[in-house]
Every structure is written in C-alpha cells, then in structure tokens.
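Trainee: Just need the structure, nothing else, for what follows:
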Amino acid sequence: MAKSNSAVLITGESGTGKELFAHSIHNYSSRKDKPFVAINCAALADNLLESELFGYEEGAFTGAKKGGKTGLFEIANNGTLFLDEIEGMSKNLQFKLLRVIQEKEIIKVGGDEMIPIDVRIIAASNENLGELVENKNFRQDLYYRLNTLPITIPPLRERIDDLYLLIDDFKQEMDFDFVFTKAAKHLLENYTWPGNIRELRNCIEYLGCLGETIIEPEMLPQNMNNLFKEKIKLSSYSEPENIFYETAAVLNALEKRENPAEEKLFQMNLKIKRFFYLKQK
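Mentor: Coordinates of the predicted model:
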C-alpha cells in the first residue's frame, strides 16, 4: 500500500491515530523525502479552505496578499497531502478535488493558468462516508476515487493488545518512568477509552506529572477514578459488566494488604461469595 500512488481513505473514531497512520504510509513510500502536508477540512470555512488548498493570485479577493499565495497542493507537489475530516468539505470543493485527482492539475483562485501537480491524496474521516453517500451528503464519484485503498482503524477498546506498547512509547517520548499495580492495569485494560489514543496519551502525561513511580487505581485521571468508585458502589452480582471494576478492587485490596482480603471486601459491600468467584478469575 505504501509503495502505491493510489488514494487512501482512512476511517476511524476520533483520536484513533489516523494522521499518524497517514504519516507512516508516507514515510514508507517512494515520496518519503518529499513534503507531507496535512489540513483539517472541517476546521476552515469553504472559501478559506479553497484558498489554502489551491492558493490564489494577487488581487483575487479583498485582503489577498500582494504576490498571491502558494496553495497546499503546490507545497505538497511530489509528496503527500493528508485531508483530515474530509466529510467537512463542501460539495463545491468536493467537485474541485475530484477534478484534481483525475486531471492532476489545479487552478489558483483568481487565476487562469493550469498548474500540473503530482500529489498522493490520503483522506480521513471519523464518519461512514458510504452512509453519507447514500444520504446524498457526499459525492459518490469522489468517494470511489478516494476509497481505492480503504483502511479502517479500530478503536483502542478493540485492540487492547496495543495498550502497553502505546504506553511504553508515550513514556519513552515524555521521559517518564513509572509502573502500574495489577489493580491499575486491570482498570486500564477494561476502560472503554472513548477518546482512544489521544485520551491514552493525555492519561500517561497526567500520570507522569504526578512524579510517582508506582501508579495505583486512585491515581488515575479523575474521570477514570470516579467511574471506578461509582461502579464499585453500585455494583451487583447480577451485573457482569461491573465484574471488571470489582476485580480491580480485589486486586487493589490484596496488593495493599491493609486488612485481610475478606474484611476489606466486606467494607466495600461485596458479598464473600463474590470474592471467591472473582478470586478464581
């Protein structure tokens, strides 16, 4: 895939690392020594996005810079252009992007000269573009052009095997050195990570700033810690989704050894039979 020049469409929830994946494709391609340029299509108004992508000639509109401006297509020439949140692009710009992909040339805003370009397009979306096409909210012809090489990045909760690899990378990047107790690990592994890799990175940065060498459940970010406490408080033996949190509580009690494990669990309103059930897990 990296060696190809075909368009790539990356889909996945927000925070799953779509831009990092796009950058990796570029770095392993024959264009790796050329520019990698990224832009968020949903972050700019239609006219601003058009001038950013295509550039403009001097006097093209009120406020245009003297001498005009070079657009991102030209800046990324012979390299890769990453279009994030492509679903935020208007139908008008979708049509112009389709023409660029087909004809491999652009026209600056306010210009009349055809400028040849050689750019690989990698687009990304956190929505299902196929459904947007069905609902007439995205051009079908552009969708098929972009979807030549489709990639779906699963959310972090579906690839927990990557969790500690990512944690180790973030710790090394930020020069942090700490370890997790078994109870803390259990919570990390069973947390749903709604913010995906972005949330995990923020979590590791927060924990590193605590200056602790051993991380326990109560040291986790407040939203995770509050969820842990709430689940323990409201847990029921008939609610299997709470087993993860109860198990973490058991592990935490056993590791601290402040009291006999049975007494500790009793203080947390856990039935003794539930303890032996969880202890076998």
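
Trainee: Now find how far off-centre stretch 32-39 is within its chain.
Mentor: 19 Å (Cα atoms, centre = their mean, to the nearest Å).

Trainee: Then stretch 202-217?
Mentor: Stretch 202-217 has its C-alpha centroid displaced from the chain centroid by 21 Å (Cα atoms, centre = their mean).

Trainee: If you count neighbours, what's buried in that stretch?
Mentor: Neighbour counts over stretch 202-217 (16 or more other Cβ atoms under 10 Å) mark Cys203, Ile204, Leu207, Gly208, Ile215, Glu216, Pro217 as buried. Where you see a C-beta, it was placed from the backbone N, CA and C, and this is true even at glycine.

Trainee: how about those residues, which pair is most distant?
Mentor: Farthest apart among these by Cβ to Cβ are Gly208 and Pro217. That separation is 16.9 Å.

Trainee: Kindly indicate which of the buried residues of stretch 202-217 lies nearest Lys136.
Mentor: Using Cβ to Cβ, the buried residues of stretch 202-217 come closest to Lys136 at Cys203, 39.7 Å.

Trainee: number of nearby residues for the residue lying closest to the closest one once chain neighbours are set aside?
Mentor: Computed as Cβ to Cβ, 6 or more residues apart in numbering, the closest residue to Cys203 that is not its neighbour in sequence is Pro221, at 5.6 Å. Residues near Pro221, counting by other Cβ atoms under 10 Å, number 13.

Trainee: from the buried residues of stretch 202-217, which ones fall inside strands?
Mentor: Ile215 (DSSP state E).

Trainee: Could you check how far Glu131 is from Gln140?
Mentor: Distance from Glu131 to Gln140, counting by Cβ to Cβ, to the nearest Å: 12 Å.

Trainee: Looking at the two, which one has more neighbours?
Mentor: Neighbour count, other Cβ under 10 Å: between Glu131 and Gln140, Gln140 has more, with 13 against 10.

Trainee: Who are the contact partners of the residue nearest to Cys203?
Mentor: Pro221 makes contact with Asn202, Cys203, Tyr206, Leu207 under the criterion Cβ atoms under 8 Å, 6 or more residues apart in numbering.

Trainee: ok, now Thr80?
Mentor: With Cβ under 8 Å, 6+ apart, Thr80 has these contacts: 22, 25-26, 29, 31, 34-37, 119-122.

Trainee: let's see 10 Å
Mentor: By Cβ atoms under 10 Å, 6 or more residues apart in numbering, the contact set of Thr80 is 5, 8, 22-23, 25-27, 29, 31-32, 34-38, 119-122.

Trainee: Next: Glu212.
Mentor: Phe178, Val179, Met219.

Trainee: make it 7 Å
Mentor: For Glu212, the contacting residues are Phe178, Met219, by Cβ atoms under 7 Å, 6 or more residues apart in numbering.

Trainee: cool, the one 3 residues further on as well?
Mentor: Applying Cβ under 7 Å, 6+ apart, one finds that Ile215 lies in contact with Phe178, Val179, Phe180, Thr181, Ala184, Leu207.

Trainee: Ramachandran coordinates for the second one?
Mentor: Just to be clear, that refers to Val179. Note on Val179: its backbone torsions stand at phi -130, psi 160 [degrees, to the nearest 10].

Trainee: Is it bridged to anything, and to what?
Mentor: Ile214 (DSSP bridges).

Trainee: what's the spacing between it and Ile215?
Mentor: 7 Å.

Trainee: Could you tell me which residues touch both of those two?
Mentor: Counting by Cβ under 7 Å, 6+ apart, no residue touches both Val179 and Ile215.
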